[in-house]
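J.: pasted the sequence and its predicted model underneath.
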Amino acid sequence: MRYLPHTDQEIHEMLAVTGHGSLEGLFAHIPEECSYHGDIDIPAPLSEWALSEHFHDIGRNNYTSAAKSILLGAGNYSHYIPAIVPSLIGRSEFLTAYTPYQPEMSQGTLQGIFEYQTLTARLLGMEVANASMYDGASALAEALLMALRIARKKNTIAISSAIHPHYREVVFSYLQAGSFKIIELPVSLDGRTDLSGLDDIDDLAAVAIQSPNFFGVIEDLETGSNLIHSADALFVSCFSEAFAYGLLRSPGASGADIVCGEGQSFGMSQSFGGPGLGMFACRTKHQRNIPGRVVGETVDMDGKRGYVLTLSTREQHIRREKATSNICSNQGICALTAAAYMASLGATGVRRVAALNYDKSEYLKAGLIKAGAKPLFDSPTFNEFSLTFANNFEPVRRRLLEKGIIAGIELGRFYKKYKDAYLFCVTETASKAVLDTVIEEVSS
Amino acid sequence: MRYLPHTDQEIHEMLAVTGHGSLEGLFAHIPEECSYHGDIDIPAPLSEWALSEHFHDIGRNNYTSAAKSILLGAGNYSHYIPAIVPSLIGRSEFLTAYTPYQPEMSQGTLQGIFEYQTLTARLLGMEVANASMYDGASALAEALLMALRIARKKNTIAISSAIHPHYREVVFSYLQAGSFKIIELPVSLDGRTDLSGLDDIDDLAAVAIQSPNFFGVIEDLETGSNLIHSADALFVSCFSEAFAYGLLRSPGASGADIVCGEGQSFGMSQSFGGPGLGMFACRTKHQRNIPGRVVGETVDMDGKRGYVLTLSTREQHIRREKATSNICSNQGICALTAAAYMASLGATGVRRVAALNYDKSEYLKAGLIKAGAKPLFDSPTFNEFSLTFANNFEPVRRRLLEKGIIAGIELGRFYKKYKDAYLFCVTETASKAVLDTVIEEVSS
Amino acid sequence: MTHGPGISGLILEEPLLWEKGKQGRTAFSMPDQDVPEATAKLPQELLGSGPEFPDLSEVDVVRHYTRLSGWNFGIDTGMYPLGSCTMKYNPKINEKMAATHGIVSSHPLLSDDLSQGSLQILFELQTFLAQITGMDAVSLQPAAGAQGEMAGMLIFAAYFRKKGEKRNKILIPDTAHGTNPASAALCGFKPVQIKSGDDGTLDVNLVSELMDEDTVGIMLTNPNTLGLFEESIREITAIVHAKGGLVYGDGANMNAVMGMVDFKRCGVDIMHLNLHKTFSTPHGGGGPGAGPICVVSELEDFLPIPRVVKHDESYQLKYDCLDSIGRLHAFFGNFAVLVRAYSYILSMGAQNLKKTSQLAVLNANYVKESLRDVLHLAYEKPCMHECVFSDLMQREYNISTLDMAKRLIDHGYHPPTIYFPLVVPGAIMIEPTETENKEDIDQFIAVFKDVVREAKDNGERLRQAPTRTKRRRLDETMAARKPCLIG
Amino acid sequence: MTHGPGISGLILEEPLLWEKGKQGRTAFSMPDQDVPEATAKLPQELLGSGPEFPDLSEVDVVRHYTRLSGWNFGIDTGMYPLGSCTMKYNPKINEKMAATHGIVSSHPLLSDDLSQGSLQILFELQTFLAQITGMDAVSLQPAAGAQGEMAGMLIFAAYFRKKGEKRNKILIPDTAHGTNPASAALCGFKPVQIKSGDDGTLDVNLVSELMDEDTVGIMLTNPNTLGLFEESIREITAIVHAKGGLVYGDGANMNAVMGMVDFKRCGVDIMHLNLHKTFSTPHGGGGPGAGPICVVSELEDFLPIPRVVKHDESYQLKYDCLDSIGRLHAFFGNFAVLVRAYSYILSMGAQNLKKTSQLAVLNANYVKESLRDVLHLAYEKPCMHECVFSDLMQREYNISTLDMAKRLIDHGYHPPTIYFPLVVPGAIMIEPTETENKEDIDQFIAVFKDVVREAKDNGERLRQAPTRTKRRRLDETMAARKPCLIG
Ligand SMILES: Cc1ncc(COP(=O)(O)O)c(C=O)c1O
Ligand SMILES: Cc1ncc(COP(=O)(O)O)c(C=O)c1O
């Protein structure tokens, strides 16, 4: 087997050194009642070539029209990835390294993550960012736990029901074992979170809002921030589409205390939803409460600038059960990917691509409305929007599927209340031709 | 444009330094009668994404069934390429370097090529090898030119007509301007080169034979070597399928003076025939007559082992018109690829894969003969063989094509004489199922 | 003197991204603007000024990361015997398989019938992992080992909640990885530390003393983080079960025992695996990993949703699991990591997986026997996949584990894990893994012996190490005291 | 002092392949033996013992090449101003395009109708190159510049053969690349060297003196290898044509003049291009390149066969060209290299190609103006894509071009081309190319100035350079005197 280098003779020689007569002998001290009986029942080994065929066949069992025609986001987005990004970040010195515990031989990863933290903070308008969380959903859960730590005695949090339903589910999972109270805030008629009831909530530690929210609607974060802060709660702002902040006012600029969300849009393939990237940022004053790893700048023995993992007293290695989080392995290479992606875009590029997402999305929205659809909400949206249709939309969707186009997703899967509405997503990868096909099919 | 870094301001600043008012000004000294009129008439630039679609479309206009079912070689072979080979050799330090003129910053390429030369010499049973030629065909032409240089006054060469027809064409092209005489040796009834007439040829500098030859037949190189050497000529042995020498006696062991051929089988994709790899080896006594670059071992100022381009007095940089060849850029990265491929196979692997080629090829041959085909020649073959069919084979071939199988090639395209014969190739990539399909189709 | 492969060579310095660049450059190929511009429609108060990213050309970005990569060390560079981390070779073919078009382009919210390929991978991987561990059911959702632990702890909580029992303590050995107590605490349990015995393994009597009806059970690692097999595991699990408790097994060290140990037979109720260790997926300088959990059938209903099941010939997502602890990931976990592990298992087959563990254990024992003369061996027992030494013998020369570790860097080796587990002061935990060959291990041993000799003869050299790297020892205290987390 | 990006860092030593390994290991995944073994049937005398390759595991091979790569320097590493070589950035997308499944798997001997994709690429690239040069017809077959030259020389020979003229001399300037005389000689012509004028370009009178009816014509490079445009090219080509001769243009320096110069209008009859220079295909540490030749319509029939033509909507291979010089490559040349150039041209479009040349020339002139105070400038003329200095000003300190070049290495720059062209003793030929940005060029200039200062103040440092690389200056004399070409 090409991964196992030992020849029989070497095994012999090495066993002689260890004083064992056979490979099995190395396991002699394992009690019989623990031992594995028989052979592991998995398929016989496949050669590289048989494996490739197998994957080719499997791949065909997924529906993947040219990516451009999946007009569906809902937390997982189709964006163009420059060829340089995977080719650089796939370099084995990055890919096959462990967490940078030995900074002298990991300056590549460390500077790369430091840059990621910086670009992330700039994107979100925040003061510090961590080295990543598992995904947007768990990042939100950890943000709320962090807020509860900061708020100390208070044990209630309020989360907008316009937050991605899966994110909310993860929040419930993470918080289920604690004695916390979670209140879901309703959606107003304009598709934004209704924050009018905050004052009536006791013990409110934090409020979480997503923008653009699950319906695609851009929340009014600034007003939200004021309301939340006057309720003496921390404002946790989350997102599932990082590209939005290429164009929109950042949560940081709008007053958020903790910002978290999903960074998949920045260079990660869709890959059935994973790996993504939990982005996480906060104000400097809270940095010692942040979960997960962070990289910091320092100097070496010669006074030269270098980077290390830092603030490790927050982590389980040191404080064990008192750690700010149990996260250990994070999404390192995804963070590096996002940094390379942000660097490839640049300030000019991120703005233009974000604007193009908006433009294309507006084009489809306007076209469909003209064709008779109704926006579920009237507020501005970014690259996703929700519509209802006068007639049953399912036959149209099926016809479009036959043409290789996935036209949105049924909101009813997530909200009974909106069961006739559909959530569409249009990114820079959708060509006008595809959008016109959808509009036409709806018109006809 | 992402490859052009200059901002307008920088262009301004730089022009100021050069003393020009505009970019066009830099070209002011070019006479008007030389200048390009109008715009270059090529398509408007494509984005990375539009380009990818374009290539995707183009790729579909080539017939490429799963590689396993193209039962056709004739100088271009389908072999498995381990994923590690392109991923390692594609590392940009190798790929984006120039010819190693500065050895101190090119030890990677240089040691890699030195290793290639060594493994090549071992494969072919020779004493020295060069750093590569363009392809098997031009390597043969250069080998004959080298033989003519060594043989000094003699100006006749004889080449087997069982050598790949394209190789012979290239030999004719290369030698057309010199006052050389080229004699083509006939093919015997056993499919091997008829060397009986050598003694009658005057001024014979060299004789070239290919083994396995174009018909797939393994030549009797040892007997050939004796006959050629008794005619006082140099023996040039060539090949189009490097894998053969994983199993067969090497040309070196059989007495060849110069060995050359095509190394595409060792890790290069088929890519419509290029780039391939001209492999080239000879005896030590002729090493100062070898064409092309060579890497040699030496030591640095501290006495440490290192590698440099050497014997450069043979090359155009120094002797200009008296150089042993005009070749300058060669197939560097292909040579490195072949070395990595040979290293991946190892002695054990190259033998097993070569044997598997033979086994599979014999399986199809036997099956087709049982189904009524006749071998064009009775001699042993490696992974290619020639057959004739009792009935017209074309309809069968067409039916197989519809099943995604390319069943051989018409020898009549190359030899009028064998116009009803077909040349088949079976490598390790052809599954028994495919071979059985071919046999069945012929039987029915 | 023996040398490792480490030498000095030319590498390139590179500033921070934003110390480069000029406004107006780009490395991005702008897609066509084939629809009208519309941003003017957006209310001014929603618009931002855009993030201050540097504008770079393509070659700027390429050189930036190419140079940075030269400051890093991966498995592909050399030996990486980082104990407890199983830094084995990461096959390139797995990367290629994970890049299969149909896989990278699959959207997680398409209906099941449009996602049969991805679902098949998930389902089959679940089955394989169940087979390999001996457990009954698997969820692939946890994104890393620690999230697997959390899933396990949430199941503990849900189980006792369902049973109507109120227990809030959990037993955790002092050798446990830090994530164990952290995960338990996150789920509301109070960790009770069990002191490991003098031989590095758990004392049955101690467990029996500590396990009571207030305790949900035990969280143990086997082989443990000292590289030792907990030989009393059956007695321990029996005690815990007898008191109505559950047993959580941290399976991060599975690489030692594939095909050799059946965890269900050991009495484990829930365990997680680290696919980024045992199953060869690259660690990526920090992640992503994948930490599937495997449970006995009694706990299957508690697994996270959605579950992946097979009905007739089709794969389906199942959501209606009333006892489930719920969702842990926005979609299905780190799918592309799971794909690599699936590819690895298919490449290996049963025999090679078993051989993997045997050779991993052989390599570790060989290192243990070869270095025990020069380094203090923490425990006199046969080891599994890793062996633990300490700097006890070097202290008289005023040389610490850290000094020796840093000196190994100059020789071209990634140091072993140091100062963990905490129960061994100055610990040096070496895990060679099965993909290292004998010659390379022999060279590593020889170099380590040389470093030990230097500790005596030329200690300053060690205290100054590393000297070959781009940066020398970094001031971690300063970094933590005055944190500078963004530039 | 100004520093380049070069610093010292940890890299790894690695022995030769066969100094590693153990019999029985492999890095190859063996395909199934699904048919009976048959080798016993082969006559013993045909069988060999198999080559003595080392047996390595997959990780052995991976580390071997990973480590070797760390001893190399490519464009992705840093600035590579190797004059006459046009070391510009090689876009990664071109690599990806060349790896398109339908392209890598295409067999060159399938019938035209099964190869329409590959033929389309060839046909369109021919058209693009004709457009870019101004010439009429193109063959993509030559595998490199030198083979292009040979093709050209064979056409010269065939042309005069057809005309029944016996001419055997050819004019070649002393500044020509060595391949020019070598290619001419290979095709039976006797090169007659033209001394270049004091200003580095050709003297019309000299050409007119030398050109006679025994001479097939001239082979010139424009811009020439001094980076100067041959301003008298129209006069020169007129003289040659008047004497019945032909003009060969070495277009290796096309990067300077895309969209600016029309070679047909210049009077060139045949020219080659180096796609691995102007058209961004990677040089691969030596190749493969591609050296298409472009001709005027009068010479089209002489081009190598097969030709790629388009009839109606389909692409075809054409073999029946009686005047053709024949075949130069087993198939169609270095196809995958051609694919990359095609991808590059499609990415650029007309405006960007023109801008490319403008910026390449701007960068070179900027370097020329910035270094002329400290280095002797060989010719006082506006330069094109490269500028040529010499070590004249440093000789008094006993410092040579070689010393300065080697010192640049320590600073992290690939040295310029040195000691070529031969007409400039101690030549230093700098070609920045258009993909280098101003900051990087400024830093290079500052470093070069510093090296010049060192030449005066600290010459020994230069003579000892490089010191940062894995190996110091290598003994080339010994290598040539006692050649050791295999291990
Ligand atoms: C024994 C043990 N348990 C748990 C973990 C945590 O795994 P992860 O880093 O994937 O969260 C580790 C990782 O280092 C480990 O070694
Ligand atoms: C001016 C000139 N002509 C010809 C050549 C030869 O090209 P190739 O190396 O592709 O054969 C070169 C390459 O260095 C060159 O610079």
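T.: Received it, and whenever you're ready, just let me know what you need. Numbers count the residues shown, from 1 in each chain, chains lettered A, B, ... in the order given. Ligands and ions are numbered 1, 2, ... in the order given.
J.: for the residue of the stretch 101-250 of chain C found nearest chain A, which non-adjacent residue is spatially closest?
T.: In the stretch 101-250 of chain C, the residue that lies nearest chain A is C:Gly102 (2.4 Å; C-beta to the nearest C-beta). Any C-beta I mention is one placed from the backbone N, CA and C, and that applies to glycine too. Closest residue to C:Gly102 apart from its sequence neighbours, by C-beta to C-beta, 6 or more residues apart in numbering or on different chains: A:Gly59 at 2.4 Å.
J.: circling back: correct me, but the residue of the stretch 101-250 of chain C closest to chain A touches A:Ile58?
T.: Yes - in this structure, C:Gly102 is within contact of A:Ile58 by C-beta atoms under 8 Å, at 6.9 Å.
J.: ok, those two, which is more surrounded?
T.: A:Ile58 (22 against 18; other C-beta atoms under 10 Å in any protein chain shown).
J.: distance between the ends of stretch A:171-186?
T.: End-to-end distance of stretch A:171-186 (C-alpha to C-alpha, to the nearest Å): 17 Å.
J.: ditto for stretch C:252-266
T.: End-to-end distance (C-alpha to C-alpha), stretch C:252-266: 16 Å.
J.: picking that back up, now the common contact residues for C:Gly102 and A:Ile58.
T.: C:Gly117 (C-beta atoms under 8 Å, 6 or more residues apart in numbering or on different chains).
J.: domain parsing for chain A?
T.: A:69-80+A:348-443, A:84-342 (automatic domain parsing).
J.: need those domains in CSV (columns: distance to chain C).
T.: Shown next, in CSV, are those (distance: least, C-beta to the nearest C-beta, whole Å):
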stretch, distance to chain C
domain A:69-80+A:348-443, 4
domain A:84-342, 2
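J.: in the chain, which helix or strand is least confident?
T.: Here I'm looking at chain A. Lowest on mean pLDDT, DSSP states H and E among the helices and strands of chain A sits helix A:316-319, with a mean of 79.
J.: oops, I was thinking of chain C
T.: helix C:101-104 (a mean of 92).
J.: and the domains of chain A, which is most packed in?
T.: Of all those, domain A:84-342 carries the top mean neighbour count, a mean of 24, counting by mean count of other C-beta atoms under 10 Å in any protein chain shown.
J.: how long is it end to end?
T.: Start-to-end, domain A:84-342 (C-alpha to C-alpha) is 12 Å.
J.: can you check stretch A:271-278 too?
T.: Across stretch A:271-278, first to last residue, C-alpha to C-alpha, it's 16 Å.
J.: is ligand 1 within reach of it?
T.: No - Stretch A:271-278 lies apart from ligand 1 when judged by C-beta under 6 Å from any ligand atom; the minimum separation is 12.6 Å.
J.: quick check: chain neighbours aside, which residue is closest to the closest residue to chain D within the stretch 201-350 of chain A?
T.: Ranked by C-beta to the nearest C-beta, the top residue of the stretch 201-350 of chain A for proximity to chain D is A:Lys304, at 9.8 Å. Closest residue to A:Lys304 apart from its sequence neighbours, by C-beta to C-beta, 6+ apart: C:Arg471 at 5.9 Å.
J.: how about the one you found, what does it touch?
T.: Applying C-beta under 8 Å, 6+ apart, the residues near C:Arg471 are A:Pro103, A:Glu104, A:Gln107, A:Asp300, A:Lys304, A:Gly306.
J.: show me the contacts for the first one.
T.: Neighbouring residues of A:Pro103 by C-beta under 8 Å, 6+ apart: A:Leu110, A:Gly306, A:Tyr307, A:Val308, A:Leu309, C:Arg471, C:Leu474, C:Glu476.
J.: what's the closest non-adjacent residue to it?
T.: Leaving out its chain neighbours, the residue that sits closest to A:Pro103 by C-beta to C-beta, 6+ apart is A:Val308, at 4.5 Å.
J.: excluding chain neighbours, what is closest to A:Glu142?
T.: Using C-beta to C-beta, 6+ apart, the nearest residue to A:Glu142 is A:Pro291, at 4.5 Å.
J.: now the one you found: which helix or strand?
T.: If you go by DSSP states H and E, A:Pro291 is not part of any helix or strand.
J.: what about it, distance to chain B?
T.: 35 Å (C-beta to the nearest C-beta, to the nearest Å).
J.: C:Pro432 too?
T.: 21 Å.
J.: count of residues packed around the nearest residue to C:Asp60 once chain neighbours are set aside?
T.: Distances taken as C-beta to C-beta, 6+ apart place C:Lys20 nearest to C:Asp60, at 5.9 Å, with adjacent residues excluded. Neighbours of C:Lys20 under the rule other C-beta under 10 Å: 21.
J.: go on, C:His3?
T.: Neighbours of C:His3 (other C-beta under 10 Å): 14.
J.: how about residue 92, what does it touch?
T.: Using chain A. So A:Ser92 contacts C:Gly74, C:Ile75, C:Asp76, C:Thr77, D:Val62, D:Thr66 (C-beta under 8 Å, 6+ apart).
J.: actually chain C
T.: Going by C-beta under 8 Å, 6+ apart, the list of residues near C:Lys92 reads B:Ala83, B:Ile84, B:Ser87, D:Val62.
J.: and the third one, what is it in contact with?
T.: To tie it back to what came earlier, the one meant is B:Ser87. Counting by C-beta under 8 Å, 6+ apart, B:Ser87 has contacts C:Lys92, C:Glu95.
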